[in-house]
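Novice: Need a 3D model of the following:
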Amino acid sequence: MVDGKPSERGGKLAPAKAWVPAEGWKRLMTELAQPSSDDLFLVRRKEGDQGKLFHHRRRLGDGQILFLVNTSIEHPSAGTFQASAGSVERWNLQTGAAENCPFNAMALGPAKVVAVSFELPPCGSLLLFLSNVPLEPREAVAEKVTEIKPAGEPQIRPVAPNVLVLDYVDITAGGETKKNVYVYQAGQFAFQKNGLPRNPWDSAVQFKNELISKKLPAGGGFEASYRFTIAGDPPAQLSIVIERPDLYTITCNGQTVSATKGEWWLDKAFGKIDISKTAKGGENVVTLKAAPFTIYHELESAYLLGEFMLKPAEKGFVVVPDQPLKLGKWNEQGRPFYSAGASYTEKFNVSSPTGRYRVGLTSWYGSVARVTVNGKDAGRIFHAPWECDVTGAVKAGENVVEVTVVGTLKNTLGPHHGNPPLGAAWPNMFHQGPENGPPVGTAYSTVGYGLFEPFVVRQVE
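Specialist: Below you'll find the model as predicted:
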C-alpha cells in the first residue's frame, strides 16, 4: 500500500521526499538503487499530492503486474515509480488492449531498471505489465486536441416513465383507523393489530422457517389507501406498482384493478397495475385490502409510473402534464424520484477520420454514462477525466452520438426523510417520516442527476 508516503521493496516506508520528474530519475536511481538488486520497487509521490494512492504488485515468470489506484473521489494523484524490469506495457482496463506506455530505462550493474511517471485522476487507476524483456525506451507523445462542433442542439428524452413515490397511507386494522401515516409506521401498526409485537421482517433474520410458519389469529387483516392528486386529465399511460399485488384485493377509485400478468418493475415481486382507465382528475385513492392477514403482508411504498411531471405541493406532489426534458438536474424538472436515465443525442460531421476520437462530459452527475455512436455501443464513462474513446465507431460523414446518463435508486427508493447523508442507506434511515404527512414536496431528499452542459467530441492526433 502506498498512501501519503513512498514505499520501497519489502513494504517498508521510506522518508518522504519531493517528487522527482522523469528527467531526474537517473540521479535518484543512482542514489537509492542497489545495483545487485533484481527486485527493486520504489514509488515517489508528487509533493503536495492529496490523492489516496494504493498499489498491488504481482511477480510472474516473465515479468510483473502492477496495479495503481487512486481512491480519492476529489483529488488526483501523481508521482513516479522505478522497478526492476526491461520494459513497460499499459493494459487498457476498458478494452483489454495492450498499449504502449512511455518509460525510461537503464542498467544498474546486472539489473535492468525502468522508470514511469503516472498521473491518476480522482477514482482513476492504471494497470501495467513490467516485462523482463528489455525494449527501447518510449517517449511520451504530445497530443493535438481539436473539438468538433455539433450540427445542432442536443435532442433529449427520458428513457423510462416518470415516478411518484407514495409513502403515506390511511390504514384501518383491528377496528382502529389512522390517517396520513408513513408506510413504515403503518406496517408496524398492521402487524401489531394482527397479533405480533412488530414487523417480524424488519431488521431480522429468519432461522429455517420460524417466521413463515407462525400461526396468526384468524379473521385478521387491514385496509390501506394511497392518495395522489392529478391536475387536469390523467396521463394516457398510468400505472401503479404494488409489492406482491397477488396478496391483496386492490381498487382504484372504487373500481377493482389487478396486476397485468408478466408485467413488473425493478423486481419481479413489484407488480404493475394499469390504472389509466380508472384514474381521474383531482384526488385519486388506491386501496389495498388484506384479508385474512398473513406473515407476508408487509406494507411498503407504492409507485406511480407514467408520462407526467411532478409539482411540489404542501402535501407531497401533484401530478401535472408532461414537458420535454432539458439540460440540467432532473429533480428540478418535475422528476425528483426519477433515476432510470436520460438520453442526450447530437450529430457531428467528420469529413475524413484521422487520429482518435473521444466523447467527453464537461458537467454532469450520475452513476454512469453509456455512449453509443451510430447505434453501436462505444463504452461507458464512470470516472475522471470523464471520457470515452469511440474511434472504432466513427465514420466519414454524419455521426450520431448518444450519451445516456443514469442516476441511482437513491432517488427512487430513498431514504427520503430526515436529511439522510449521501453514500449510506442503513435500515433505520427508512424508519423516519414526518407525522401527518406527506411533508411539503421540497422536503424530500433527492439528488440532482443529469447532464448540465452538452457533451463534446474531440479529435486527438
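Novice: make it CA atoms for all contacts and neighbour counts henceforth
Specialist: Noted.
Novice: how near is the nearest residue to Pro415 once chain neighbours are set aside to Leu93?
Specialist: Leaving aside its chain neighbours, Pro415 sits nearest to Phe430 (5.4 Å; criterion: C-alpha to C-alpha, 6 or more residues apart in numbering). When distance is defined by C-alpha to C-alpha, to the nearest Å, Phe430 is 37 Å away from Leu93.
Novice: Which one's more surrounded, the two?
Specialist: For Phe430 versus Leu93, the count of surrounding residues by other C-alpha atoms under 10 Å is larger for Phe430: 17 against 12.
Novice: Was I right to think the more buried one contacts Gly418?
Specialist: No: using C-alpha atoms under 8 Å, Phe430 is not in contact with Gly418, being 9.2 Å away.
Novice: Surely Met106 is in a strand?
Specialist: Yes: Met106 forms part of a strand when assessed by DSSP: H, G, I helix; E, B strand; the rest coil.
Novice: ok, now which ones touch the residue nearest to it when sequence neighbours are not counted?
Specialist: Once flanking residues are discounted, Met106 sits nearest to Val113: 5.5 Å by C-alpha to C-alpha, 6+ apart. Contacts for Val113 (C-alpha atoms under 8 Å, 6 or more residues apart in numbering) come out as Leu40, Gln82, Ala83, Ser84, Ala85, Gly86, Ala105, Met106, Ala107.
Novice: Now do the contacts for Pro421.
Specialist: By C-alpha under 8 Å, 6+ apart, no residues touch Pro421.
Novice: What distance do you get for it to Gly375?
Specialist: 38 Å.
Novice: Send me stretch 297-307 as PDB with only the CA atoms.
Specialist: Output of stretch 297-307 as PDB, limited to C-alpha atoms (Å, rounded to 0.1, in the frame of the first residue of the first chain):
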ATOM      1  CA  HIS A 297     -48.500  -8.800   4.300                       C
ATOM      2  CA  GLU A 298     -45.600  -6.300   4.800                       C
ATOM      3  CA  LEU A 299     -46.800  -2.900   3.700                       C
ATOM      4  CA  GLU A 300     -44.500  -0.800   1.600                       C
ATOM      5  CA  SER A 301     -44.400   2.300  -0.500                       C
ATOM      6  CA  ALA A 302     -46.300   2.300  -3.800                       C
ATOM      7  CA  TYR A 303     -45.000   3.900  -7.000                       C
ATOM      8  CA  LEU A 304     -47.000   5.800  -9.700                       C
ATOM      9  CA  LEU A 305     -45.500   5.400 -13.200                       C
ATOM     10  CA  GLY A 306     -46.400   7.400 -16.300                       C
ATOM     11  CA  GLU A 307     -45.700  10.300 -18.700                       C
END
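Novice: next one: whichever strand or helix holds Leu126 to chain centre, how far?
Specialist: Assigned by DSSP states H and E, Leu126 belongs to strand 125-131. Relative to its chain's centre, strand 125-131 lies at 27 Å (C-alpha atoms, centre = their mean, to the nearest Å).
Novice: Parallel or antiparallel, which strands does it pair with?
Specialist: According to DSSP bridges, strand 125-131 forms sheet pairs with strand 63-70 (antiparallel), strand 87-91 (antiparallel).
Novice: Identify the neighbouring strands of the helix or strand just after it in the sheet and state each direction.
Specialist: Under the assignment DSSP H and E, the closest C-terminal helix or strand after strand 125-131 is strand 145-148. In the sheet, strand 145-148 lines up against strand 456-460 (antiparallel) (DSSP bridges).
Novice: Let me see the mean pLDDT of the helix or strand containing Phe191.
Specialist: Counting by DSSP H and E, the element that carries Phe191 is helix 183-192. The average pLDDT for helix 183-192 rounds to 96.
Novice: out of everything not next to it in sequence, what's closest to the spatially most central residue of the chain?
Specialist: Central residue of the chain (C-alpha atoms, centre = their mean): Ser367, 2.6 Å from the mean position. Distance criterion C-alpha to C-alpha, 6+ apart; nearest residue to Ser367, sequence neighbours excluded, is Gly407 at 5.4 Å.
Novice: separation between that neighbour and Leu327?
Specialist: Distance of Gly407 to Leu327, given as C-alpha to C-alpha: 15 Å.
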